[in-house]
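>>> Here is my input; please provide its structure:
(2 chains)
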Amino acid sequence: MLSVKGLRANVGENEILKGLDLEVGPGEVHAIMGPNGSGKSTLAHVLSGREGYEVTAGSVTFEGQDLLALEPEERAQRGLFLAFQYPVELPGVNNTYFLKAALNSVRKSRGEDELDAVSFLRLIKEKLKILHLDDSLLKRSVNAGFSGGEKKRNEIFQMALLEPKLAILDETDSGLDIDALRVVADGVNALRSPERSMIVVTHYQRLLDYIEPDHVHVLAKGRIIRSGGKELALELEEKGYGWVVEEERAA
Amino acid sequence: MTSTQAVDDIVRSEYEHGFVTEIESDTFPPGLDEGVVRAISARKREPEFMTEWRLKAYRHWLTMAPPHWAAVDYPPIDFNAISYFSAPKRPEDAPKSLDEIDPALLETYEKLGIPIEEQKALAGIAVDAVFDSVSVATTFRAALAEAGVVFCSISEAVHEHPELVKAYLGSVVPHTDNFYAALNSAVFSDGTFVYVPKGVRCPMELSTYFRINARNTGQFERTLIVADEGSYVSYLEGCTAPQRDENQLHAAVVELIALKDAEIKYSTVQNWYPGDAEGRGGIYNFVTKRGDCRGARSKISWTQVETGSAITWKYPSCILRGDDSVGEFYSVAVTKGRQQADTGTKMIHLGRNTRSTIVSKGISAGEGQQTYRGLVRISQRAAGARNHTQCDSLLIGDRCAANTFPYIEVRHPSANLEHEATTSKISEDQLFYCRSRGLTAEDAVSMIVNGFCKEVFNELPMEFAVEAQKLLSISLEGAVG
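I've put the predicted structure just below:
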């Protein structure tokens, strides 16, 4: 599904990713953990095609295709989805309208018919139900004046609608209280399927109590220094990042 | 919309058998003096009072100087290099085919989905009429006549309704008002006249497209709309398709008069040729538009979408004379490339409990320069007057500019004024967010811009609003990245 090999990326003069390798298979959930400044968000941004990052070496293939050669919208159309750490406000742009435009753009690129207003509303109602969301956010402008929790829920809602093959959740737990976290995690779990892979980027183990990963990776100083099962996350929680970083240095 | 340009073609061709063809001479030599003013009046067979009126305006114009206070920049205009009268173009003088037209313009026509024959009409190429539109125009005229609404060219009105013209022409924008209004009063070529009788609700949206001789009204257009007591009229001016014109300077005057309990809604989509990429050949649009809420409880509402012209200089205004009268101004102005716009409104509160609303949305892209200039004046008599102003600017890119100059004069202690202003930029974050959801950068800009303008588009008649949205998207294509 996704294969990252020897990825190096700069922001300005600074090299943030220093030879990162990652393999994600269909239906797998990978957690990427690491201390602040280790390059977690950079990885999420490089994968989704944000400007301002220069890839200097390595490759990323997504379903056999060179991901880095694609524009951000082309990546989205091919089934990549980024849930933002800080979802962006679009004042004046109605949320339903935005979702419909996004969905139809993705459908069009897949060679499917665009949905008309009626079928779209039906679909939206269905997705709201799965995620246990109420429809009040549909009438508002995209993220404008949303609380932190509402913004994150809106991200997951978009994900439910766009049905990506690979979803990257960038610190989706940040800024959420425990109840909001549970709602968001339930939503994510409802969207797990054998065809959908996920990369869950997080600083804290807490989120992984709710979203159980198949694989856990520790990212430090721009490289994955350790990989393991979900027990690795618990170990990290107990011992902190210092432990694994030290071990890496010793080796 | 555009198909109606063709309607005008047909209707004009009918006119070839009418009095219009009697104008044999094509164009006056450049230059302006009393003789030229008299000659224009004579060509139009105007009664004595009109000739005198024009001359008075001309003499006053001579004492005036072009205004320089607007934040626009252009070389001085040589008023003696302009020809002040030209008959409709003869086919042999018009461009022969679309090959002679700016390809950028043609591309825009394509995107708007305008049929080829209409593209030719818009670009000033002589075309055969499109026949399926004729019946529409005829039906319209019949319905209007039944309601007693007068809707004709101002030249016709001078002959057929001289008492109305005499009573109202220049009563809102006097010939002494400003340099360009004085010039227009002296030499105006033609324009629109509307009179809605007492208590009549005009049965349809009036549009220049459905008016005889609407094309080639020339560079000095004059519009006069009178809504008698208790009447209502909605008037649409302009066209979403870009219009080319040989005349670079356009100095129109629009006067609206609403008597007691009357309401006038005036909507404009202005999309004159903005010039090529360097701004060459674009139209200078220097317009004086003013409405007079003369009677109690009258209402005048201006809605404008300004996307064209090299330079736009216009301030559709309301004089709120009648007690409890209402003035509104809703505006979207777009400047891109090298376009410059200095636009806004004036709300002059004279009557008691008068209310006004100003919603101005300015969008600047490329090297566009834009200024909102607005005046809200509350006079000593205007007890209980209220105004709400909202003035938002949206910048796209980092080479454009937006300025806001609100003038507020309050002379009554009971007045209630609110002024809100914002300036925002379409951010990289917003664009990336949209793109990461599968939308192209252009779709994203169009979506954000339309969201920004929603309050104004809501004021436009439905069909116009849809076209305006489309127009805006096309105008801003390539504005990012």
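>>> so where does the residue in the stretch 51-200 of chain A that chain B sits nearest to fall, helix or strand?
Nearest residue of the stretch 51-200 of chain A to chain B: A:Gly92, at 2.9 Å (CB to the nearest CB). C-beta: built from backbone N, CA, C; applies to glycine. Assessed by DSSP states H and E, A:Gly92 sits inside strand A:90-94.
>>> which helices and strands sit right next to that strand?
Under the contact criterion of 3 or more CB pairs under 8 Å, 6 or more residues apart in numbering or on different chains; DSSP states H and E, the helices and strands touching strand A:90-94 comprise strand A:141-142, helix B:428-435, helix B:441-457.
>>> so how far is the next helix or strand after that strand off the chain centroid?
Going down the chain from strand A:90-94, the next helix or strand is helix A:95-109, by DSSP H and E. Helix A:95-109 sits 19 Å away from the centroid of its parent chain (CA atoms, centre = their mean, to the nearest Å).
>>> Touching, A:Leu219 and A:Ile32? I think so.
Yes - A:Leu219 lies in contact with A:Ile32 (CB atoms under 8 Å); the separation is 5.4 Å.
>>> neighbour-wise, which of the two wins?
A:Ile32 (26 against 23; other CB atoms under 10 Å in any protein chain shown).
>>> what sits opposite the more buried one in the beta ladder?
A:Val201, A:His217 (DSSP bridges).
>>> go on, B:Glu263?
Bridge pairing for B:Glu263 - DSSP bridges - gives B:Tyr232, B:Lys299.
>>> From A:Ala44, how far off is it?
Distance of B:Glu263 to A:Ala44, computed by CB to CB, to the nearest Å: 55 Å.
>>> Pull the number of nearby residues for the residue in the stretch 201-350 of chain B that chain A sits nearest to.
Nearest residue of the stretch 201-350 of chain B to chain A (CB to the nearest CB) works out as B:Val332 at 12.4 Å. Using other CB under 10 Å, B:Val332 is surrounded by 28 other residues.
>>> can you list the residues of the stretch 101-250 of chain A near chain B?
Contact residues (CB under 8 Å from any CB of the partner chain) of the stretch 101-250 of chain A with chain B: A:Ala101, A:Ala102, A:Ser105, A:Val106, A:Ser109, A:Ser141, A:Gln158, A:Leu162.
>>> Nearest to chain A: which residue in chain B?
For chain B, CB to the nearest CB, closest residue to chain A: B:Gly451, 2.9 Å.
>>> coming back round to it: looking at the helices and strands packed on strand A:90-94, which is nearest to A:Asn10?
helix B:428-435 (17.8 Å; CB to CB).
>>> Would you map the strands across chain A?
A:2-11, A:14-24, A:29-33, A:54-62, A:65-66, A:80-83, A:90-94, A:141-142, A:166-170, A:197-202, A:215-220, A:223-228 (DSSP state E).
>>> how far out from the middle of the chain is the second one?
Averaging C-alpha positions (CA atoms, centre = their mean) puts strand A:14-24 16 Å from its chain's average.
>>> That one pairs with which strands, and in what direction?
When sheet partners are counted by DSSP bridges, strand A:14-24 sits next to strand A:2-11 (antiparallel).
>>> list the buried ones in stretch A:50-58?
Buried residues in stretch A:50-58, counting neighbours by 16 or more other CB atoms under 10 Å in any protein chain shown, are found at A:Arg50, A:Tyr53, A:Gly58.
>>> I should have written stretch A:113-131 there, sorry.
Buried-residue list, stretch A:113-131, by 16+ other CB under 10 Å: A:Leu115, A:Phe120, A:Leu123, A:Ile124, A:Lys127, A:Leu128, A:Leu131.
>>> hmm, back to that, for the residue of the stretch 201-350 of chain B closest to chain A, which residues count as its bridge partners?
Beta bridges link B:Val332 to B:Val305, B:Lys361 when assigned by DSSP bridges.
>>> swap in the one 10 residues further on?
Going by DSSP bridges, B:Asp342 is paired in beta bridges with B:Trp313, B:Thr371.
>>> OK, contacts around it?
By CB atoms under 8 Å, 6 or more residues apart in numbering or on different chains, the contact list for B:Asp342 reads B:Ala70, B:Ala71, B:Val72, B:Thr312, B:Trp313, B:Gln370, B:Thr371, B:Arg373.
>>> Where does the prediction get shaky in chain B?
Along chain B, the model assigns pLDDT under 70 to residues B:1-27, B:86-139, B:208-218, B:239-247, B:277, B:279, B:478-481.
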